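Participant: structure for this input, please:
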Amino acid sequence: MKLSRRLIPDVTTLQAFECAARHGSFTQAANELNLTQSAVSRQIKDLEEQLGVLLFERVRQRVVLSEDGRRFLPEVRKLLHQTEETMLRAMSAARSDHSLTIATLPTFGSRWLTPRLPAFLAQFPGTVINVASRSAPFDFDEESFDLAIHYGQPVWARASCSYLCSEVILPAGSPELLRHWKLADPTDLESAPLLHLATRPKLWAQWFELNGGAAETAYRGHRFDQFSMVIEAAVAGLGFALLPRYLIEQELASGRLSVVFDRPMQTDNSYYLVVPEGKLENSLSQAFRAWIATQVT
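Facilitator: Model prediction:
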């Protein structure tokens, strides 16, 4: 697709706008950017003329964003952030023979993938790995990743999904909590404090249904929106949690968490490797996909 240069502003102009919006002052923006106040004012005026809207309004001795400016600001910040990330990735790749950019779920990336990466890098020395967290599908045309690790169904626009592994969870708790609650049967957990993953609120209800408990009591307790937070809450003794064993390997080995009942439950979705259509033949990506498959068997 051919881009219209008339519609592409200079990055320095966008920086001036973001800085002035953050400070509510052209003068302070000029100080931060090492420019004159008139230079910042001129950049803002040029941007307003290009957009055909007023971005700032003068109130007393300050400038405040207009409604159009408030709508425009988040997009500008997103673009500046993406520009910086693109430059940093290019700079890191320039110092290496090969680079691989991976999007992964936050807790999976920090607790499972990262500790295993040294084994991959030992096989492929000179490779630079860029890992970023993403919790939901995104557009590979807008974000330049070589592959993604996705939990859900094998559906992703303009990309190929290949099965990596299923997810099996089981109840775990801290030693202190286990000493306090004398649990002889899975149904005893009905009256115990429970921890929940906010994005999957029915896990405990499903687990109780499989183990003879009452689903009606399964929804009370603290909620967290990442597995990493649920794990830390469980370690702190805030309650019992349903967790994938592979995410709590260190806690189980150290004794900070223990499996309460060896009653595993497979969740409805699975993990998949997702590769954009244009990068299926990338040799390093292919090597990584072959390697990671050996880590889950």
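Participant: just the helices in the stretch 51-200 of the chain please.
Facilitator: Using DSSP state H, counting those that start in this stretch, the helices found in the stretch 51-200 of the chain span residues 67-94, 106-107, 114-123, 175-180.
Participant: so which of the ones you listed is nearest residue 33?
Facilitator: Across the helices of the stretch 51-200 of the chain, residue 33 has its closest neighbour in helix 67-94 (12.8 Å, C-beta to C-beta). Yep, even glycine has a C-beta here, placed from its N, CA and C like the rest.
Participant: what helices and strands are in contact with the closest one?
Facilitator: The contact analysis (3 or more C-beta pairs under 8 Å, 6 or more residues apart in numbering; DSSP states H and E) places helix 67-94 against helix 11-23, strand 98-104, strand 127-133.
Participant: one more pass at 6 Å, please.
Facilitator: Other elements packing on helix 67-94 under the criterion 3 or more C-beta pairs under 6 Å, 6 or more residues apart in numbering; DSSP states H and E are helix 11-23.
Participant: angle of the helix it packs on against helix 67-94?
Facilitator: Using axes from the mean of the first three to the mean of the last three C-alpha atoms, to 10 degrees, the interaxial angle of helix 11-23 with respect to helix 67-94 works out to 120 degrees.
Participant: immediately after helix 11-23, which helix or strand?
Facilitator: Towards the C-terminus, the helix or strand next in line after helix 11-23, according to DSSP states H and E, is helix 26-33.
Participant: buried set for that next one?
Facilitator: Residues of helix 26-33 classed as buried under the neighbour-count rule (16 or more other C-beta atoms under 10 Å) are 26, 28-30, 32-33.
Participant: re earlier: okay if I get the helices of the stretch 51-200 of the chain as CSV plus mean pLDDT, distance to residue 165 and mean neighbour count?
Facilitator: What follows is these, written out as CSV (pLDDT from 0 to 100; distance: least, C-beta to C-beta, whole Å; neighbours: other C-beta atoms under 10 Å):
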stretch, mean pLDDT, distance to residue 165, mean neighbour count
helix 67-94, 83, 28, 13
helix 106-107, 94, 15, 18
helix 114-123, 96, 13, 12
helix 175-180, 95, 28, 14
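Participant: out of those, flag the one nearest residue 225.
Facilitator: Closest to residue 225 of those is helix 106-107 (C-beta to C-beta; 10.0 Å).
Participant: quick one: residues in contact with that closest one.
Facilitator: With C-beta atoms under 6 Å, 6 or more residues apart in numbering as the test, helix 106-107 has contacts from 133, 226-228.
Participant: which among those residues end up buried?
Facilitator: Neighbour counting over the contacts of helix 106-107 (16+ other C-beta under 10 Å) leaves 226-228 as the buried ones.
Participant: domain parsing for this structure?
Facilitator: Taking the TED database as the domain assignment, the ranges for the chain are 11-94, 99-165+270-295, 168-267.
Participant: surely residue 103 is in contact with residue 145?
Facilitator: Yes. Under the contact definition of C-beta atoms under 6 Å, residue 103 touches residue 145, with a separation of 4.6 Å.
Participant: ok, now how distant is the residue of the chain most remote from its centre from residue 24?
Facilitator: Residue distances from the centre of the chain (C-alpha atoms, centre = their mean) peak at residue 60, which lies 41.4 Å from the mean C-alpha position. In this structure, residue 60 and residue 24 are 11 Å apart, going by C-beta to C-beta, to the nearest Å.
Participant: where in this structure is pLDDT low?
Facilitator: Using pLDDT under 70 as the threshold, the predicted model of the chain has low-confidence ranges 1-7, 89, 91-97, 297.
Participant: mind checking which of the contacts of helix 106-107 are in strands?
Facilitator: Among the contacts of helix 106-107, the members found in strands (DSSP state E) are residue 133.
Participant: adding distance to residue 174, write the contacts of helix 106-107 out as a markdown table.
Facilitator: Supplementary listing: the contacts of helix 106-107 in a markdown table, determined by distance: C-beta to C-beta, whole Å:
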| residue | distance to residue 174 |
| --- | --- |
| 133 | 26 |
| 226 | 19 |
| 227 | 16 |
| 228 | 16 |
